[in-house]
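**Q** My questions concern the predicted model and sequence given below.
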Amino acid sequence: MLRARDNASRPKERSTINIMTVKIRVFKCGETEPERTITIPLAILKIASKLMPKQIAASLEENGIDLNEIVILSQKSGIRGTLVEIEEHKKNRKFIIAIE
């Protein structure tokens, strides 16, 4: 009984599993720091894509980026890195979508 109590009082070890994410970074053109970053764990990407800010979802759609295709692509093993960079010169913005 004493052992069970000792184990319960020990801090739990953190898992070293790397969780893959999709990152959408929004920059003002010419800036090196993003104005906004959206990080979505791949495990919940399908659900989270429905919760994306409307402004970003609309801009992605205007540029022909289908979030459903990103969901499908993210499910393929070995896909990592930048998927797409979009520069909207008239709106002075740039989007970078990456799997990390």
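**A** Cool, the structure landed.

**Q** what stretches of the chain score poorly on pLDDT?
**A** Low-confidence segments of the chain (pLDDT under 70): 1-18, 77.

**Q** now the strands for it?
**A** 21-28, 36-41, 81-88, 93-99 (DSSP state E).

**Q** So the closest residue to L67 other than its chain neighbours versus K23, what's the distance?
**A** The shortest distance from L67 to any non-neighbouring residue, by CB to CB, 6 or more residues apart in numbering, is to S49 (4.3 Å). The C-beta positions use only the backbone N, C-alpha and C, and glycine is treated the same way. Distance of S49 to K23, computed by CB to CB, to the nearest Å: 13 Å.

**Q** before we move on, what about E31?
**A** Per CB to CB, E31 is found 16 Å from K23.

**Q** P41 now?
**A** Taking CB to CB, one finds P41 at 11 Å from K23.

**Q** So for those two, which sits in the more crowded spot?
**A** The neighbour comparison of P41 against K23 (other CB atoms under 10 Å) goes to K23, with 15 against 11.

**Q** and the more buried one, what is it in contact with?
**A** Taking CB atoms under 8 Å, 6 or more residues apart in numbering, we find K23 in contact with T37, I38, T39, I40, I96, I97, A98, I99, E100.
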